[in-house]
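Chemist: Got a predicted structure here, sequence first:
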Amino acid sequence: MTVAVARARYKDELHLSPEQLKDICHAFVGELRNGLREDSSLLMIPTMVDLLPDGHQSGEYFAIDFGGTTLRLLYTQLSAEPKSVDAYEVQQEAIPDRMRDCHVDAIFDYIVAQLIDFSERISQSIREKSQLVVGFCFSFPVEQSAINAGTLIRWTKGYKITGAEGQNPVDILKQAFTRQGLKPIIPALVNDTVATLAGTRYADGQDTNVAVIMGTGTNACYVEQLGHISKWLPKFLPRTPDMVVNIEWAGFRPQAVRLLPEDEELDAQSQDPGSGPFEKLTGGLYLGDLARRLMLRVGREEGWFPKDQPPQPLTEYKGWATRDMVACVHDESSDLQQTQKILNERLGSMGAWQQLDVRRQVRDICVSVAKRSARLVAAALSGLLLHLERAGPRGQPARPSNEDDEHPRHTNLNPQDAPSTGALHEGGVPMPTQEMLPPAEGGEVPRNVLAADGRLFEQFRAYRELLRDGIADTLGEEVAAGLVLKVTEGGAAFGAACVAAAAHAYVQTMGRDLPSSRTPGRSRTVSKE
Ligand code: BGC
(Lines give C-alpha, C1' and ligand atoms only; values in the text may rest on other atoms or scores of the structure.)
Protein backbone atom coordinates (compact mmCIF):
# COMPACT_ATOMS: atom_id res chain seq x y z
CA MET A 1 0.00 0.00 0.00
CA THR A 2 1.33 3.45 -0.81
CA VAL A 3 1.82 6.00 1.91
CA ALA A 4 -0.89 8.29 0.55
CA VAL A 5 -3.48 5.48 0.57
CA ALA A 6 -2.66 4.53 4.19
CA ARG A 7 -3.10 8.14 5.26
CA ALA A 8 -6.36 8.59 3.47
CA ARG A 9 -7.73 5.34 4.86
CA TYR A 10 -7.85 6.11 8.58
CA LYS A 11 -9.19 9.61 7.96
CA ASP A 12 -11.87 8.28 5.72
CA GLU A 13 -12.78 5.55 8.21
CA LEU A 14 -13.20 8.05 11.03
CA HIS A 15 -15.07 10.65 9.02
CA LEU A 16 -18.83 11.08 9.55
CA SER A 17 -20.63 12.92 6.78
CA PRO A 18 -23.61 15.22 7.45
CA GLU A 19 -25.87 12.49 6.04
CA GLN A 20 -24.49 9.95 8.51
CA LEU A 21 -24.95 12.45 11.35
CA LYS A 22 -28.58 12.96 10.38
CA ASP A 23 -29.13 9.18 10.30
CA ILE A 24 -27.56 8.83 13.74
CA CYS A 25 -29.64 11.72 15.04
CA HIS A 26 -32.90 10.16 13.83
CA ALA A 27 -31.95 6.74 15.15
CA PHE A 28 -31.23 8.38 18.51
CA VAL A 29 -34.66 10.03 18.59
CA GLY A 30 -36.22 6.62 17.90
CA GLU A 31 -34.28 4.94 20.73
CA LEU A 32 -35.08 7.82 23.08
CA ARG A 33 -38.80 7.59 22.44
CA ASN A 34 -38.73 3.77 22.72
CA GLY A 35 -36.88 4.12 25.98
CA LEU A 36 -39.71 6.19 27.44
CA ARG A 37 -42.11 3.31 26.74
CA GLU A 38 -40.00 0.18 27.16
CA ASP A 39 -36.46 -1.14 27.22
CA SER A 40 -34.15 0.38 24.63
CA SER A 41 -30.42 0.86 24.19
CA LEU A 42 -30.87 4.12 26.13
CA LEU A 43 -31.81 3.32 29.72
CA MET A 44 -34.01 6.45 30.06
CA ILE A 45 -34.15 6.34 33.86
CA PRO A 46 -36.76 8.45 35.68
CA THR A 47 -34.62 10.07 38.38
CA MET A 48 -37.41 10.99 40.83
CA VAL A 49 -36.17 14.58 40.55
CA ASP A 50 -39.43 16.35 39.78
CA LEU A 51 -38.40 19.73 41.13
CA LEU A 52 -35.04 21.29 40.43
CA PRO A 53 -33.36 23.78 42.77
CA ASP A 54 -34.23 27.39 41.96
CA GLY A 55 -31.57 29.25 43.92
CA HIS A 56 -33.60 29.64 47.08
CA GLN A 57 -32.18 26.63 48.93
CA SER A 58 -30.03 27.34 51.98
CA GLY A 59 -28.07 25.60 54.72
CA GLU A 60 -24.87 23.66 55.22
CA TYR A 61 -24.06 20.64 53.04
CA PHE A 62 -21.29 18.31 52.05
CA ALA A 63 -21.26 16.51 48.73
CA ILE A 64 -19.43 13.52 47.32
CA ASP A 65 -18.95 13.28 43.56
CA PHE A 66 -17.76 9.78 42.66
CA GLY A 67 -17.87 8.47 39.16
CA GLY A 68 -14.78 8.91 37.05
CA THR A 69 -11.08 9.13 37.50
CA THR A 70 -11.44 11.91 40.08
CA LEU A 71 -13.10 12.04 43.48
CA ARG A 72 -14.55 15.47 44.16
CA LEU A 73 -15.59 16.51 47.67
CA LEU A 74 -17.42 19.68 48.44
CA TYR A 75 -18.52 21.73 51.38
CA THR A 76 -20.91 24.62 51.02
CA GLN A 77 -23.16 26.91 52.95
CA LEU A 78 -25.95 27.91 50.62
CA SER A 79 -26.88 31.47 51.45
CA ALA A 80 -30.24 32.91 52.41
CA GLU A 81 -29.44 35.31 49.54
CA PRO A 82 -30.81 33.62 46.37
CA LYS A 83 -28.34 31.83 44.05
CA SER A 84 -25.47 32.58 46.38
CA VAL A 85 -23.17 30.82 48.78
CA ASP A 86 -21.83 31.97 52.14
CA ALA A 87 -19.06 29.43 52.08
CA TYR A 88 -17.70 27.01 49.54
CA GLU A 89 -14.74 24.66 49.35
CA VAL A 90 -13.89 21.85 47.00
CA GLN A 91 -11.21 19.18 46.83
CA GLN A 92 -10.40 17.03 43.83
CA GLU A 93 -8.05 14.11 43.63
CA ALA A 94 -7.32 11.22 41.33
CA ILE A 95 -8.79 7.94 42.53
CA PRO A 96 -5.93 5.42 42.90
CA ASP A 97 -5.97 2.70 40.23
CA ARG A 98 -6.19 -0.07 42.85
CA MET A 99 -9.58 1.36 43.86
CA ARG A 100 -11.05 0.58 40.45
CA ASP A 101 -10.76 -3.15 41.02
CA CYS A 102 -11.59 -3.99 44.63
CA HIS A 103 -14.46 -4.86 46.96
CA VAL A 104 -17.06 -2.13 47.30
CA ASP A 105 -16.35 -1.64 51.02
CA ALA A 106 -12.74 -0.71 50.23
CA ILE A 107 -13.66 2.10 47.85
CA PHE A 108 -16.47 3.45 50.04
CA ASP A 109 -14.20 3.37 53.13
CA TYR A 110 -11.66 5.31 51.08
CA ILE A 111 -14.29 7.89 50.07
CA VAL A 112 -15.49 8.43 53.64
CA ALA A 113 -11.90 8.68 54.93
CA GLN A 114 -11.18 11.32 52.28
CA LEU A 115 -14.30 13.26 53.30
CA ILE A 116 -13.27 13.18 56.96
CA ASP A 117 -9.77 14.46 56.07
CA PHE A 118 -11.16 17.14 53.79
CA SER A 119 -13.63 18.38 56.38
CA GLU A 120 -10.87 18.59 58.99
CA ARG A 121 -8.52 20.36 56.62
CA ILE A 122 -11.11 23.09 56.06
CA SER A 123 -11.96 23.23 59.80
CA GLN A 124 -15.47 21.89 59.28
CA SER A 125 -14.96 18.44 60.77
CA ILE A 126 -17.88 16.18 59.96
CA ARG A 127 -17.24 14.44 63.28
CA GLU A 128 -18.28 17.61 65.06
CA LYS A 129 -21.46 18.46 63.17
CA SER A 130 -24.68 17.99 65.11
CA GLN A 131 -26.41 17.36 61.77
CA LEU A 132 -24.47 16.14 58.74
CA VAL A 133 -26.28 16.35 55.38
CA VAL A 134 -24.52 14.85 52.37
CA GLY A 135 -25.51 14.98 48.72
CA PHE A 136 -24.27 11.91 46.84
CA CYS A 137 -23.43 12.17 43.16
CA PHE A 138 -22.84 8.66 41.88
CA SER A 139 -22.18 8.56 38.16
CA PHE A 140 -23.04 5.05 37.15
CA PRO A 141 -26.35 3.66 35.89
CA VAL A 142 -28.73 3.38 38.82
CA GLU A 143 -32.39 2.38 38.65
CA GLN A 144 -33.85 5.03 40.96
CA SER A 145 -36.65 4.04 43.32
CA ALA A 146 -36.62 7.38 45.18
CA ILE A 147 -34.59 10.55 45.07
CA ASN A 148 -32.27 9.03 47.69
CA ALA A 149 -32.39 5.36 46.78
CA GLY A 150 -31.86 3.05 43.84
CA THR A 151 -30.16 -0.05 42.55
CA LEU A 152 -26.81 -0.07 40.80
CA ILE A 153 -27.37 -1.67 37.40
CA ARG A 154 -23.70 -2.06 36.50
CA TRP A 155 -20.33 -0.38 36.72
CA THR A 156 -19.00 1.51 33.72
CA LYS A 157 -15.78 3.39 32.88
CA GLY A 158 -13.49 0.46 33.57
CA TYR A 159 -14.59 0.01 37.21
CA LYS A 160 -14.62 -3.63 38.32
CA ILE A 161 -15.87 -3.43 41.87
CA THR A 162 -17.36 -6.46 43.53
CA GLY A 163 -20.31 -6.58 45.91
CA ALA A 164 -22.30 -3.58 44.67
CA GLU A 165 -24.32 -4.46 41.58
CA GLY A 166 -27.97 -4.85 42.50
CA GLN A 167 -27.42 -2.93 45.77
CA ASN A 168 -28.49 0.55 46.88
CA PRO A 169 -25.41 2.84 46.73
CA VAL A 170 -26.85 4.99 49.54
CA ASP A 171 -27.00 1.97 51.88
CA ILE A 172 -23.42 1.10 50.99
CA LEU A 173 -22.31 4.66 51.69
CA LYS A 174 -24.21 4.79 54.99
CA GLN A 175 -22.53 1.55 56.08
CA ALA A 176 -19.12 3.06 55.36
CA PHE A 177 -20.05 6.12 57.48
CA THR A 178 -21.31 3.82 60.24
CA ARG A 179 -17.91 2.07 60.31
CA GLN A 180 -16.54 5.52 61.17
CA GLY A 181 -19.19 6.12 63.84
CA LEU A 182 -21.00 8.71 61.68
CA LYS A 183 -24.70 8.96 60.87
CA PRO A 184 -25.25 11.36 57.99
CA ILE A 185 -28.54 12.24 56.34
CA ILE A 186 -28.22 11.47 52.61
CA PRO A 187 -31.29 13.05 51.03
CA ALA A 188 -30.12 12.75 47.41
CA LEU A 189 -28.55 10.11 45.19
CA VAL A 190 -28.02 11.72 41.81
CA ASN A 191 -26.28 10.97 38.57
CA ASP A 192 -23.68 13.58 37.51
CA THR A 193 -25.86 14.72 34.62
CA VAL A 194 -28.75 15.44 36.99
CA ALA A 195 -26.47 17.11 39.53
CA THR A 196 -24.97 19.30 36.80
CA LEU A 197 -28.41 20.39 35.67
CA ALA A 198 -29.43 21.10 39.27
CA GLY A 199 -26.29 23.16 40.01
CA THR A 200 -26.82 25.31 36.93
CA ARG A 201 -30.49 25.80 37.79
CA TYR A 202 -29.51 26.91 41.30
CA ALA A 203 -26.83 29.33 40.14
CA ASP A 204 -28.43 30.83 37.11
CA GLY A 205 -30.25 29.19 34.33
CA GLN A 206 -33.93 28.59 34.75
CA ASP A 207 -33.81 28.29 30.95
CA THR A 208 -31.66 25.16 31.17
CA ASN A 209 -33.42 21.83 30.63
CA VAL A 210 -30.59 19.62 29.44
CA ALA A 211 -27.25 18.63 30.95
CA VAL A 212 -24.44 16.82 29.23
CA ILE A 213 -21.24 15.27 30.57
CA MET A 214 -18.11 14.65 28.55
CA GLY A 215 -15.49 13.26 30.87
CA THR A 216 -14.13 9.79 31.47
CA GLY A 217 -17.62 8.64 30.54
CA THR A 218 -20.43 10.40 28.74
CA ASN A 219 -24.14 10.89 29.25
CA ALA A 220 -26.96 13.43 29.26
CA CYS A 221 -30.22 14.11 31.08
CA TYR A 222 -33.17 16.38 30.39
CA VAL A 223 -36.51 17.51 31.76
CA GLU A 224 -39.31 15.34 30.36
CA GLN A 225 -43.07 15.63 30.69
CA LEU A 226 -44.30 12.91 33.04
CA GLY A 227 -47.04 11.95 30.64
CA HIS A 228 -44.42 10.89 28.09
CA ILE A 229 -42.76 8.39 30.43
CA SER A 230 -45.32 5.69 29.87
CA LYS A 231 -43.17 2.84 31.26
CA TRP A 232 -43.22 4.31 34.77
CA LEU A 233 -45.91 4.95 37.34
CA PRO A 234 -45.39 7.29 40.27
CA LYS A 235 -46.20 5.98 43.75
CA PHE A 236 -46.85 9.46 45.15
CA LEU A 237 -48.41 12.37 43.40
CA PRO A 238 -45.53 14.18 41.73
CA ARG A 239 -45.16 17.85 42.64
CA THR A 240 -44.76 19.04 39.06
CA PRO A 241 -45.77 17.67 35.65
CA ASP A 242 -42.10 17.08 34.83
CA MET A 243 -39.31 14.76 35.76
CA VAL A 244 -35.61 14.69 34.97
CA VAL A 245 -34.76 11.64 32.88
CA ASN A 246 -31.23 10.25 32.96
CA ILE A 247 -30.71 9.07 29.39
CA GLU A 248 -27.70 6.78 30.06
CA TRP A 249 -26.66 6.85 26.43
CA ALA A 250 -23.49 4.73 26.76
CA GLY A 251 -25.34 1.74 25.27
CA PHE A 252 -26.48 3.51 22.08
CA ARG A 253 -25.03 1.82 18.98
CA PRO A 254 -24.91 4.22 16.05
CA GLN A 255 -25.40 1.84 13.12
CA ALA A 256 -24.21 4.45 10.64
CA VAL A 257 -20.70 4.28 12.10
CA ARG A 258 -18.36 1.81 10.48
CA LEU A 259 -16.20 0.42 13.29
CA LEU A 260 -12.44 0.34 12.74
CA PRO A 261 -10.44 -2.79 13.59
CA GLU A 262 -8.94 -0.64 16.35
CA ASP A 263 -12.43 0.05 17.80
CA GLU A 264 -13.07 -3.68 17.91
CA GLU A 265 -9.74 -4.38 19.60
CA LEU A 266 -10.29 -1.61 22.12
CA ASP A 267 -13.64 -3.10 23.04
CA ALA A 268 -12.36 -6.68 23.18
CA GLN A 269 -9.51 -5.66 25.50
CA SER A 270 -11.67 -3.45 27.72
CA GLN A 271 -12.95 -4.36 31.19
CA ASP A 272 -16.45 -4.86 29.79
CA PRO A 273 -16.33 -6.17 26.20
CA GLY A 274 -19.56 -5.65 24.29
CA SER A 275 -20.84 -3.04 26.70
CA GLY A 276 -21.26 0.73 26.20
CA PRO A 277 -20.56 1.11 22.45
CA PHE A 278 -21.37 4.85 22.36
CA GLU A 279 -19.16 5.56 25.36
CA LYS A 280 -16.29 3.62 23.80
CA LEU A 281 -16.55 5.75 20.64
CA THR A 282 -16.76 9.05 22.49
CA GLY A 283 -15.66 8.98 26.15
CA GLY A 284 -12.44 10.38 27.56
CA LEU A 285 -11.46 7.00 28.96
CA TYR A 286 -11.07 5.64 25.44
CA LEU A 287 -10.07 8.44 23.04
CA GLY A 288 -6.34 8.49 23.82
CA ASP A 289 -6.26 4.72 23.57
CA LEU A 290 -7.90 4.72 20.15
CA ALA A 291 -5.41 7.34 18.94
CA ARG A 292 -2.58 5.14 20.25
CA ARG A 293 -3.89 2.13 18.32
CA LEU A 294 -4.10 4.18 15.14
CA MET A 295 -0.58 5.52 15.65
CA LEU A 296 0.57 1.93 15.87
CA ARG A 297 -1.20 1.04 12.63
CA VAL A 298 -0.03 4.08 10.65
CA GLY A 299 3.47 3.90 12.16
CA ARG A 300 3.82 0.30 10.98
CA GLU A 301 2.46 1.07 7.54
CA GLU A 302 4.67 4.08 7.06
CA GLY A 303 7.81 2.73 8.62
CA TRP A 304 8.11 5.03 11.65
CA PHE A 305 9.65 1.98 13.33
CA PRO A 306 10.33 -1.63 12.32
CA LYS A 307 6.95 -3.41 12.04
CA ASP A 308 7.72 -5.88 14.83
CA GLN A 309 9.50 -3.41 17.10
CA PRO A 310 7.15 -0.58 17.89
CA PRO A 311 8.02 1.64 20.85
CA GLN A 312 6.80 -0.22 23.94
CA PRO A 313 4.29 2.47 25.14
CA LEU A 314 2.48 2.32 21.78
CA THR A 315 1.62 -1.30 22.52
CA GLU A 316 0.28 -0.63 26.01
CA TYR A 317 -2.98 0.68 27.37
CA LYS A 318 -2.20 4.11 28.89
CA GLY A 319 0.85 4.46 26.61
CA TRP A 320 -0.85 7.51 25.08
CA ALA A 321 -3.36 9.28 27.30
CA THR A 322 -6.37 11.32 26.24
CA ARG A 323 -4.65 14.41 27.66
CA ASP A 324 -1.71 13.76 25.24
CA MET A 325 -4.20 13.61 22.40
CA VAL A 326 -5.79 16.89 23.55
CA ALA A 327 -2.42 18.63 23.78
CA CYS A 328 -1.56 17.57 20.21
CA VAL A 329 -4.90 18.82 18.87
CA HIS A 330 -4.29 22.17 20.59
CA ASP A 331 -0.76 22.44 19.16
CA GLU A 332 -1.05 25.14 16.53
CA SER A 333 2.66 25.92 16.20
CA SER A 334 4.03 25.67 12.66
CA ASP A 335 6.63 23.05 13.63
CA LEU A 336 4.37 21.23 16.11
CA GLN A 337 6.77 21.69 19.00
CA GLN A 338 4.31 20.68 21.67
CA THR A 339 3.51 17.48 19.78
CA GLN A 340 7.22 16.72 19.52
CA LYS A 341 7.72 17.29 23.22
CA ILE A 342 4.91 14.89 24.16
CA LEU A 343 6.07 12.26 21.67
CA ASN A 344 9.61 12.50 23.02
CA GLU A 345 8.36 12.16 26.58
CA ARG A 346 6.06 9.24 25.89
CA LEU A 347 7.92 7.32 23.18
CA GLY A 348 11.55 8.45 23.44
CA SER A 349 13.51 11.16 21.70
CA MET A 350 15.03 9.08 18.91
CA GLY A 351 11.91 8.24 16.90
CA ALA A 352 10.61 9.22 13.46
CA TRP A 353 8.60 12.06 15.08
CA GLN A 354 11.72 14.19 14.87
CA GLN A 355 10.40 14.73 11.32
CA LEU A 356 7.71 17.34 10.97
CA ASP A 357 5.73 15.21 8.53
CA VAL A 358 5.37 12.40 11.07
CA ARG A 359 4.30 14.85 13.75
CA ARG A 360 1.68 16.19 11.35
CA GLN A 361 0.27 12.71 10.94
CA VAL A 362 0.21 12.09 14.69
CA ARG A 363 -1.68 15.32 15.12
CA ASP A 364 -4.04 14.39 12.27
CA ILE A 365 -4.83 11.08 13.95
CA CYS A 366 -5.59 12.88 17.22
CA VAL A 367 -7.80 15.43 15.46
CA SER A 368 -9.70 12.73 13.55
CA VAL A 369 -10.39 10.71 16.71
CA ALA A 370 -11.57 13.78 18.63
CA LYS A 371 -13.68 14.89 15.70
CA ARG A 372 -15.52 11.60 15.39
CA SER A 373 -16.30 11.69 19.11
CA ALA A 374 -17.56 15.28 19.03
CA ARG A 375 -19.69 14.64 15.94
CA LEU A 376 -21.28 11.59 17.49
CA VAL A 377 -22.14 13.50 20.64
CA ALA A 378 -23.44 16.32 18.44
CA ALA A 379 -25.73 13.90 16.60
CA ALA A 380 -27.10 12.54 19.88
CA LEU A 381 -27.63 16.02 21.31
CA SER A 382 -29.30 17.06 18.06
CA GLY A 383 -31.67 14.13 18.50
CA LEU A 384 -32.47 15.30 22.01
CA LEU A 385 -33.14 18.85 20.79
CA LEU A 386 -35.39 17.50 18.05
CA HIS A 387 -37.32 15.44 20.58
CA LEU A 388 -37.71 18.53 22.77
CA GLU A 389 -38.85 20.55 19.75
CA ARG A 390 -35.97 22.93 20.30
CA ALA A 391 -34.31 22.38 16.98
CA GLY A 392 -35.67 25.70 15.69
CA PRO A 393 -35.80 28.07 14.04
CA ARG A 394 -37.51 26.35 11.13
CA GLY A 395 -39.05 23.61 13.24
CA GLN A 396 -40.51 24.73 16.52
CA PRO A 397 -38.66 27.84 17.66
CA ALA A 398 -36.03 27.42 20.35
CA ARG A 399 -36.78 29.61 23.34
CA PRO A 400 -35.04 32.98 23.14
CA SER A 401 -32.74 34.16 25.89
CA ASN A 402 -34.29 35.59 29.03
CA GLU A 403 -33.29 39.24 28.93
CA ASP A 404 -34.55 39.91 32.43
CA ASP A 405 -32.27 37.42 34.08
CA GLU A 406 -30.85 39.29 37.04
CA HIS A 407 -27.44 37.62 36.84
CA PRO A 408 -24.91 38.24 34.10
CA ARG A 409 -24.57 35.18 31.88
CA HIS A 410 -20.92 35.67 31.23
CA THR A 411 -19.19 35.32 34.56
CA ASN A 412 -15.50 34.83 35.06
CA LEU A 413 -14.71 31.44 36.48
CA ASN A 414 -11.18 32.14 37.64
CA PRO A 415 -10.47 30.22 40.83
CA GLN A 416 -9.56 33.45 42.64
CA ASP A 417 -13.07 34.75 41.94
CA ALA A 418 -14.79 31.64 43.23
CA PRO A 419 -16.18 31.74 46.73
CA SER A 420 -14.08 29.93 49.31
CA THR A 421 -14.59 28.93 52.90
CA GLY A 422 -11.60 30.95 54.08
CA ALA A 423 -13.99 33.69 55.08
CA LEU A 424 -17.71 33.56 55.52
CA HIS A 425 -19.40 35.93 53.12
CA GLU A 426 -21.92 38.33 54.56
CA GLY A 427 -24.99 38.19 52.38
CA GLY A 428 -23.49 35.52 50.14
CA VAL A 429 -21.47 35.49 46.95
CA PRO A 430 -23.31 34.65 43.70
CA MET A 431 -22.35 31.19 42.53
CA PRO A 432 -20.23 31.72 39.40
CA THR A 433 -21.22 30.26 36.06
CA GLN A 434 -19.41 30.48 32.77
CA GLU A 435 -20.51 30.12 29.19
CA MET A 436 -17.89 27.74 27.97
CA LEU A 437 -19.30 27.73 24.50
CA PRO A 438 -21.01 31.11 24.18
CA PRO A 439 -23.46 31.67 21.33
CA ALA A 440 -21.68 32.41 18.07
CA GLU A 441 -21.40 36.02 16.90
CA GLY A 442 -23.87 37.38 14.44
CA GLY A 443 -27.07 38.78 15.77
CA GLU A 444 -29.97 37.21 17.61
CA VAL A 445 -29.99 33.46 17.46
CA PRO A 446 -32.33 31.21 19.41
CA ARG A 447 -30.49 29.95 22.48
CA ASN A 448 -30.27 26.37 23.64
CA VAL A 449 -28.47 26.40 26.96
CA LEU A 450 -27.00 23.10 28.02
CA ALA A 451 -25.49 22.64 31.46
CA ALA A 452 -22.11 20.99 30.98
CA ASP A 453 -19.45 19.27 33.02
CA GLY A 454 -16.52 16.92 32.49
CA ARG A 455 -12.85 17.27 31.66
CA LEU A 456 -13.28 17.00 27.90
CA PHE A 457 -15.48 20.08 27.90
CA GLU A 458 -13.40 21.92 30.47
CA GLN A 459 -9.96 21.30 29.01
CA PHE A 460 -10.60 20.69 25.33
CA ARG A 461 -11.45 24.00 23.67
CA ALA A 462 -11.29 22.49 20.17
CA TYR A 463 -13.76 19.77 21.17
CA ARG A 464 -16.41 22.34 21.99
CA GLU A 465 -16.03 23.88 18.55
CA LEU A 466 -16.10 20.46 16.88
CA LEU A 467 -19.31 19.78 18.74
CA ARG A 468 -20.83 22.97 17.40
CA ASP A 469 -19.73 22.05 13.84
CA GLY A 470 -21.42 18.67 14.27
CA ILE A 471 -24.67 20.32 15.37
CA ALA A 472 -24.44 22.65 12.37
CA ASP A 473 -24.09 19.66 10.04
CA THR A 474 -27.03 17.92 11.67
CA LEU A 475 -29.53 20.67 12.47
CA GLY A 476 -28.21 23.69 10.59
CA GLU A 477 -26.02 26.72 11.27
CA GLU A 478 -28.65 28.69 13.16
CA VAL A 479 -29.28 26.04 15.79
CA ALA A 480 -25.54 25.54 16.18
CA ALA A 481 -24.92 29.26 16.60
CA GLY A 482 -27.40 29.41 19.47
CA LEU A 483 -25.88 26.51 21.35
CA VAL A 484 -24.50 27.52 24.76
CA LEU A 485 -22.58 25.24 27.10
CA LYS A 486 -22.87 26.56 30.62
CA VAL A 487 -20.60 25.46 33.44
CA THR A 488 -21.26 26.14 37.10
CA GLU A 489 -18.42 26.32 39.59
CA GLY A 490 -18.23 23.07 41.54
CA GLY A 491 -20.00 21.19 38.73
CA ALA A 492 -21.81 18.01 39.67
CA ALA A 493 -20.58 18.11 43.28
CA PHE A 494 -22.18 21.51 43.82
CA GLY A 495 -25.35 20.32 42.09
CA ALA A 496 -25.55 17.27 44.36
CA ALA A 497 -25.44 19.61 47.38
CA CYS A 498 -28.26 21.68 45.84
CA VAL A 499 -30.47 18.62 45.21
CA ALA A 500 -29.75 17.43 48.76
CA ALA A 501 -30.74 20.87 50.04
CA ALA A 502 -34.02 20.89 48.11
CA ALA A 503 -34.93 17.32 49.10
CA HIS A 504 -33.94 17.79 52.75
CA ALA A 505 -35.95 21.00 53.06
CA TYR A 506 -39.02 19.34 51.55
CA VAL A 507 -38.90 16.37 53.92
CA GLN A 508 -38.34 18.71 56.89
CA THR A 509 -41.21 21.05 56.08
CA MET A 510 -43.71 18.53 54.74
CA GLY A 511 -42.84 15.74 57.15
CA ARG A 512 -43.20 13.17 54.38
CA ASP A 513 -41.07 11.48 51.80
CA LEU A 514 -40.52 12.63 48.28
CA PRO A 515 -42.15 10.98 45.27
CA SER A 516 -40.83 7.52 44.55
CA SER A 517 -41.31 4.76 42.08
CA ARG A 518 -44.21 2.34 42.35
CA THR A 519 -41.90 -0.45 41.34
CA PRO A 520 -38.86 -0.14 43.60
CA GLY A 521 -36.07 -2.47 42.63
CA ARG A 522 -37.90 -3.46 39.42
CA SER A 523 -35.57 -5.65 37.49
CA ARG A 524 -34.56 -4.28 34.14
CA THR A 525 -33.50 -6.28 31.17
CA VAL A 526 -30.12 -4.79 30.48
CA SER A 527 -28.58 -5.81 27.23
CA LYS A 528 -24.81 -5.93 26.95
CA GLU A 529 -25.05 -3.00 24.50
C1 BGC B 1 -22.28 6.48 33.34
C2 BGC B 1 -23.23 7.61 33.55
C3 BGC B 1 -22.49 8.90 33.76
C4 BGC B 1 -21.48 9.13 32.64
C5 BGC B 1 -20.67 10.39 32.82
C6 BGC B 1 -21.27 6.81 32.25
O7 BGC B 1 -20.30 5.80 32.18
O8 BGC B 1 -22.97 5.31 32.98
O9 BGC B 1 -24.07 7.35 34.66
O10 BGC B 1 -23.41 9.95 33.78
O11 BGC B 1 -20.60 8.02 32.56
O12 BGC B 1 -19.95 10.36 34.00
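Modeler: Perfect, I can see it now.
Chemist: Run through the chain and note the low-pLDDT ranges.
Modeler: For the chain, the stretches flagged by pLDDT under 70 are 1-8, 205, 234-236, 393-427, 442-444, 511-529.
Chemist: Quick check: residues of it near the ligand?
Modeler: For the chain, the residues in contact with the ligand (CB under 6 Å from any ligand atom) are 67-68, 139-141, 156-157, 191-193, 213, 215, 217-219, 248, 250, 279. (Glycine included, C-beta is placed from N, CA and C.)
Chemist: PyMOL command for the buried members of those?
Modeler: Listed next is the PyMOL selection for buried residues among the residues of the chain next to the ligand, using 16 or more other CB atoms under 10 Å:
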select buried, resi 67+68+139+140+141+156+157+191+192+193+213+215+217+218+219+248+250+279
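Chemist: Which of the residues of the chain next to the ligand fall within strands?
Modeler: Counting by DSSP state E, the residues of the chain next to the ligand place I213, T218, N219 in strands.
Chemist: Which residue is the nearest non-sequential neighbour of the second one?
Modeler: For T218, ignoring the flanking residues on the chain, the nearest one in space by CB to CB, 6 or more residues apart in numbering is G283 at 4.7 Å.
Chemist: gap between the one residue in the chain that gets nearest to the ligand and G67?
Modeler: When distances are taken as CB to the nearest ligand atom, the chain reaches nearest to the ligand at G217, 2.4 Å away. The spacing between G217 and G67, counted by CB to CB, to the nearest Å, is 7 Å.
Chemist: shared neighbours of those two, anything?
Modeler: Residues touching both G217 and G67 (CB atoms under 8 Å, 6 or more residues apart in numbering): S139, K157.
Chemist: and the nearest residue to Y159 once chain neighbours are set aside, what does it touch?
Modeler: In space, and not counting its chain neighbours, Y159 is closest to R100: 5.3 Å by CB to CB, 6+ apart. Contact analysis of R100 by CB under 8 Å, 6+ apart lists G158, Y159, K160, I161.
Chemist: is it true that the second one lies in a helix?
Modeler: It refers to Y159. No. Y159: not assigned to a helix; according to DSSP: H, G, I helix; E, B strand; the rest coil it is coil.
Chemist: could you pull out the strands for the stretch 151-300 of the chain?
Modeler: Using DSSP state E, counting those that start in this stretch, the strands assigned to the stretch 151-300 of the chain run over residues 185-190, 210-214, 218-225, 242-246.
Chemist: could you redo these as TSV and give each row distance to A492?
Modeler: Listed next are those as TSV, based on distance: least, CB to CB, whole Å:
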stretch	distance to A492
strand 185-190	8
strand 210-214	8
strand 218-225	11
strand 242-246	12
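Chemist: looking at those strands, which is closest to D453?
Modeler: strand 210-214 (5.4 Å; CB to CB).
Chemist: can you pull out the strands in the stretch 351-500 of the chain?
Modeler: Per DSSP E, counting those that start in this stretch, the stretch 351-500 of the chain carries strands over the ranges 429-430, 433-437, 448-453, 483-488.
Chemist: longest single strand anywhere in the protein?
Modeler: strand 84-94.
Chemist: Give the buried residues for the helix or strand following it.
Modeler: Using DSSP states H and E, the next helix or strand after strand 84-94 towards the C-terminus is helix 104-121. Under the neighbour-count criterion of 16+ other CB under 10 Å, helix 104-121 has 104-112, 114-116, 118-119 buried.
Chemist: Using CSV, lay out these together with distance to P261.
Modeler: Formatted as CSV, the buried residues of helix 104-121 follow (distance: CB to CB, whole Å):
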residue, distance to P261
V104, 36
D105, 40
A106, 37
I107, 34
F108, 39
D109, 42
Y110, 38
I111, 39
V112, 44
Q114, 41
L115, 44
I116, 48
F118, 45
S119, 49
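Chemist: Got phi/psi on E38?
Modeler: When quoted as degrees, to the nearest 10, the phi and psi of E38 stand at phi -160, psi -170.
Chemist: give the contact list for it.
Modeler: Taking CB under 8 Å, 6+ apart, one finds K231 in contact with E38.
Chemist: same question, V244
Modeler: Here V244 is in contact with T47, V49, D50, L52, V194, L197, C221, Y222, V223, E224 (CB under 8 Å, 6+ apart).
Chemist: Try it again at 6 Å.
Modeler: T47, V49, V194, C221, V223 (CB atoms under 6 Å, 6 or more residues apart in numbering).
Chemist: Leaving out sequence neighbours, find the closest residue to it.
Modeler: If the residues on either side of it in the chain are set aside, V244 comes closest to V49, at 4.3 Å by CB to CB, 6+ apart.
Chemist: which helix is the longest one in the protein?
Modeler: Taking DSSP state H as the criterion, the chain has its longest helix at helix 356-387.
Chemist: same for that helix, what does it pack against?
Modeler: helix 3-14, helix 18-37, helix 277-282, helix 284-302, helix 322-329, helix 337-347, helix 461-475 (3 or more CB pairs under 6 Å, 6 or more residues apart in numbering; DSSP states H and E).
Chemist: what's the closest of the ones you listed to V85?
Modeler: So among the helices and strands packed on helix 356-387, helix 461-475 is nearest, using CB to CB, at 26.6 Å.
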